[in-house]
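Here is a sequence with its predicted model. Questions after.
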Amino acid sequence: MLAVQVDGGTDDELAVAQATLADRYRAYTRLCGPINRSSQARTGRRDPETGEEIMRRVRPRMGGFREDPDWPLVAALEVFDEETQEARPAAIFHERVIDPPHERHGVDTPDEAVAVCLDETGTVTLDRVAELLGTDPAAARQQLGELVYDEPGTDRLVPASEYLSGNVRTKLDACRAADEVDGSYRFNIAALERVLPRQLEPAEITARLGAPWIPSPDIEQFCTEVLDATVDVEHLPQLGHWSARLRDGSRRGVALSSEWGTSRADAITLLEAALNQRLHTVTDATDDGRRVRNDAETLAARDKQEALTARFSTWVWEDPKRATRLTARYNELFSSTVLPTFDGGHLTLPGLAGTFTPRTHQRAAVARILTDGRVLLAHAVGAGKTATMVMAAMELRRLGSASKPAVVVPNHMLDQFSREWLQLYPTARILVADRERLSKDRRKEFVARAATGDWDGIIFTQSGFARLPLGRDLMSSYLGEEIETACSALAGSKEGKGLSVKRLERRIAQLEETYKRLLAEHTKDDGVRFEETGIDYLFVDEAHAYKNRRVDSSIDGVANVGSQRAGPRLQAVGATADARPARRHLRDRDTGSELDGRAVGHAELPPPRPARQRRPARLRRVGCDLRTHPHRARARTRRRLLSDANAIRPVPERSRAAHPLPASRRRAHQRRP
């Protein structure tokens, strides 16, 4: 029946094929029941919250047919309810779900020509546009006008929506440099200048101690002018750590312990705490060797710390030259990006069942995946993320952006996801990999089938995905990244002020010991590796299970050793990018959250983990390492009056992370789809 539809058979031929299929389906269900039937078996365990017995689902083996690659296609013949065990025939029994592909031979407008090119190949070429418009390439380029732009250095035609978004400052600089040679990019320059974000003035920028865009020499100058002290300041962006120390031989002025500090906490100590977003605490030793907080001294020290921070925020802008330099640096980092708007209206989605009509936001999400490469789908529950992933995977394969996409889904979603994939694309060839198929005895068989088969998609369960080990080279590369980062920071510290050498040496020793143990455990596998599957594009459903990566930070409560599961598994996502550059996808849990840090992690742990996983290079460009934080959380103290003793106790409080953009611009960005 699928062949009849793919070949464009007549309605009569389709009706005959549908009748034959319906007769065979009814005969099977009368004898055996629904195709996707299952039963419940006792596990002997109970839910600790409700006390109800936990049951497990048992599915019939069907003579081994469930192991057949065509099993998901047969399972998709019915719409099945797991709870009620009721099934009804899918749309393929009574409708034409596949339309044969139709080639476009002509269009009326340049807009349509661009849409057809993007739908067919994902790129715009003058020859194809000229063919669609019935003209020559020179005339076609003139008709396209500013619908596309010539990219300097590549001569690639880039659609306006893509060209006039992203880091437009970098594109503007490239065009200006190229225009000096032949003067052919003046239209590009004018368009980019129109969309370049407004450059903020000093009054609109909040400068805080510890902001990564303020270099350490400016902190040292602040100490000289305000604290009347010569201080060495060192910043390690790799670890998110600042160090401050009074330079040897320099005098200690009264300001350090009176005006900007206390007798128990001088200004240099408070400065270092403020740079690292810590609230300084003064403690006293007890007779038994413990240390307890001195509330009065702690409150006094924190008052001085807040005053020091406030003074720095005003001092930064007092010198015109410094203000101009830092404002330019800030705008370069944070006022150069235009958020793109994606429109998938041009997508024809060949092979998609005619009974399914994608929503506007699903088309836009697919267009973003095809264009942007790394995407978080944090849509609300019921918004159709499953269909979006399936359509995106099929389009990536059709356009040649990926040859073997894969999806990781929760264990209980495997059968449902497989059925829905084939109900959306009845002719798709998918390979399903559950926990049993990836057991130690069967890994080699699965990897061989994955590597040699021409699959439109491979579906893993989370437990099955975890059972497929990474190769030693890939694991060593990931672990070596951490040590290499620490060694780079150590070299920088030795070449600079040397304030963090001991800290870094301890860190490197700890990492080497930890990674030596992990590599020793990794050698126990049977030699089968994830990289051998040929997967070059990975979607991860419920990506919050892999978010807990290591975070190096001096902020109280933010540093995190990370999960042994999250790091190496995300390195598998990175392995797909090695096969197809810039192609990594993470799908968030069904929380209904907006696209922000709260969707996958705590709001106090910037950068939002999706950004760390999807945009590491972009974070590094703005001076924020992958393992640290781009915006500093504000540390402050709230006083609490104790009723029992009429005393005041300092209570630490951390406000939301200080965002680099003013509130008005953040709201404008959040309104973007």
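Alright, I've got the coordinates. Residues are numbered from 1 along each chain as shown.

Residue ranges in the stretch 501-650 of the chain under the pLDDT threshold?
Along the stretch 501-650 of the chain, the model assigns pLDDT under 70 to residues 518-528, 544-650.

to the chain's geometric centre, what's the distance from the lengthiest helix in the chain?
Longest helix of the chain, by residue count under DSSP state H: helix 472-495. Distance, stretch centre to chain centre, for helix 472-495: 22 Å (CA atoms, centre = their mean, to the nearest Å).

before we move on, what about stretch 149-156?
Per CA atoms, centre = their mean, the centroid offset for stretch 149-156 relative to its chain is 28 Å.

Tabulate the CA atom coordinates of it in PDB.
Output of stretch 149-156 as PDB, limited to C-alpha atoms (Å, rounded to 0.1, in the frame of the first residue of the first chain):
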ATOM      1  CA  TYR A 149      23.300  39.100   0.500                       C
ATOM      2  CA  ASP A 150      26.700  38.200  -0.900                       C
ATOM      3  CA  GLU A 151      28.900  37.000   1.900                       C
ATOM      4  CA  PRO A 152      32.500  38.300   1.800                       C
ATOM      5  CA  GLY A 153      35.100  35.600   1.400                       C
ATOM      6  CA  THR A 154      32.700  32.900   0.300                       C
ATOM      7  CA  ASP A 155      30.600  34.600  -2.300                       C
ATOM      8  CA  ARG A 156      27.700  32.600  -0.900                       C
END
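
Please identify the buried residues of it?
Going by neighbour count (16 or more other CB atoms under 10 Å), the buried part of stretch 149-156 is 149, 150, 151, 152. (Each C-beta comes from the backbone N, C-alpha and C, glycine too.)

In contact with the third one, which residues?
Residues near residue 151 by CB atoms under 8 Å, 6 or more residues apart in numbering: 157, 158, 163.

Please repeat the previous calculation with a cut-off of 7 Å.
With contact set as CB atoms under 7 Å, 6 or more residues apart in numbering, residue 151 has these partners: residue 158.

any idea how far it lies from residue 129?
Using CB to CB, to the nearest Å, residue 151 is found at 16 Å from residue 129.

With residue 205 instead?
44 Å.

Would you mark the buried spots in the longest helix of the chain?
474-475, 477-479, 482, 485-487, 489-490, 492-493.

a markdown table for those residues, including pLDDT?
Formatted as a markdown table, the buried residues of helix 472-495 follow (pLDDT from 0 to 100):
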| residue | pLDDT |
| --- | --- |
| 474 | 71 |
| 475 | 72 |
| 477 | 72 |
| 478 | 70 |
| 479 | 71 |
| 482 | 74 |
| 485 | 78 |
| 486 | 78 |
| 487 | 83 |
| 489 | 77 |
| 490 | 81 |
| 492 | 76 |
| 493 | 75 |
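
Pick out whichever of the residues you listed sits closest to residue 91.
Of all these, residue 474 has the smallest distance to residue 91: 42.4 Å, by CB to CB.

pretty sure the closest one contacts residue 481?
No - with contact defined as CB atoms under 7 Å, residue 474 does not count as touching residue 481 (11.1 Å).

Which of residue 205 and residue 129 has more residues huddled nearby?
Here residue 205 and residue 129 are compared on neighbour count by other CB atoms under 10 Å; more neighbours surround residue 129, at 26 against 22.

In which helix or strand does that one reside?
Using DSSP states H and E, residue 129 sits in helix 126-133.

Ok, residue 298 next?
Assigned by DSSP H and E, residue 298 falls within helix 295-315.

If you count neighbours, what's buried in the helix or strand following that helix?
Next along the chain after helix 295-315, taking DSSP H and E as the criterion, comes helix 320-334. Neighbour counts over helix 320-334 (16+ other CB under 10 Å) mark 322, 323, 326, 327, 330, 331, 332, 333, 334 as buried.

least trustworthy helix or strand in this protein by mean pLDDT?
One helix or strand of the chain scores below all others by mean pLDDT, DSSP states H and E: strand 586-587, with a mean of 40.

I'd like to know how far the nearest residue to residue 80 once chain neighbours are set aside sits from residue 426.
Nearest residue to residue 80 in three dimensions, chain neighbours excluded: residue 36, at 4.1 Å (CB to CB, 6 or more residues apart in numbering). Distance of residue 36 to residue 426, computed by CB to CB: 16 Å.

tell me the phi and psi of residue 56?
Here is the backbone geometry of residue 56 (degrees, to the nearest 10): phi -120, psi 150.

now it, which residues is it bridged with?
Residue 56 has these beta-bridge partners by DSSP bridges: residue 41.

ok, residues contacting stretch 174-194?
146, 149, 152, 164, 168, 171, 172.

Same check on stretch 71-80?
Outside stretch 71-80, the residues that touch it by CB under 7 Å, 6+ apart are 25, 34-36, 65, 87-90, 92, 415, 418-419, 422-423, 430, 432.

what about the helices in the stretch 51-200 of the chain?
Secondary structure of the stretch 51-200 of the chain (DSSP state H, counting those that start in this stretch): helices located at 71-75, 110-120, 126-133, 137-144, 160-163, 168-182, 186-195.

Comparing the ones you listed by mean pLDDT, which bottoms out?
For the helices of the stretch 51-200 of the chain, mean pLDDT drops lowest on helix 71-75, to a mean of 83.

Please identify the residue most distant from the middle of this protein.
Going by CA atoms, centre = their mean, the residue of the chain most distant from its centre is residue 287, 51.0 Å out.

Wasn't that one part of a helix?
No - counting by DSSP: H, G, I helix; E, B strand; the rest coil, residue 287 is not found in a helix; it is coil.

how close does it get to residue 298?
Distance check for residue 287 against residue 298: by CB to CB, it reads 21 Å.

Kindly report the same for residue 423.
Distance, residue 423 to residue 298, using CB to CB: 63 Å.

and if you look at residue 364?
52 Å.

Neighbour count for those two, which is higher?
A direct count of neighbours by other CB under 10 Å for residue 364 and residue 298 places residue 298 higher, at 22 against 19.

Check which residues of stretch 141-150 are buried.
Neighbour counts over stretch 141-150 (16+ other CB under 10 Å) mark 141, 144, 147, 148, 149, 150 as buried.

for the last one, which residues make a bridge with it?
When bridges are called by DSSP bridges, residue 150 pairs up with residue 157.

Offset the numbering so it begins at 4, please.
Okay, using 4 as the starting number, the last item reads as residue 153.

Name the SS class of residue 236, please.
Applying three-state DSSP: residue 236 is strand.

what residues are up against it?
219, 222, 223, 245, 247.

Repeat the analysis, applying 8 Å as the threshold.
219, 220, 222, 223, 226, 245, 246, 247, 278, 500.

so of those residues, which ones are in helices?
Taking DSSP H as the definition of helices, the contacts of residue 236 contribute 219, 220, 222, 223, 278.

can you name the two of those that are farthest apart?
Greatest spatial distance among the ones in helices among the contacts of residue 236 (CB to CB): 220 and 278, at 13.7 Å.
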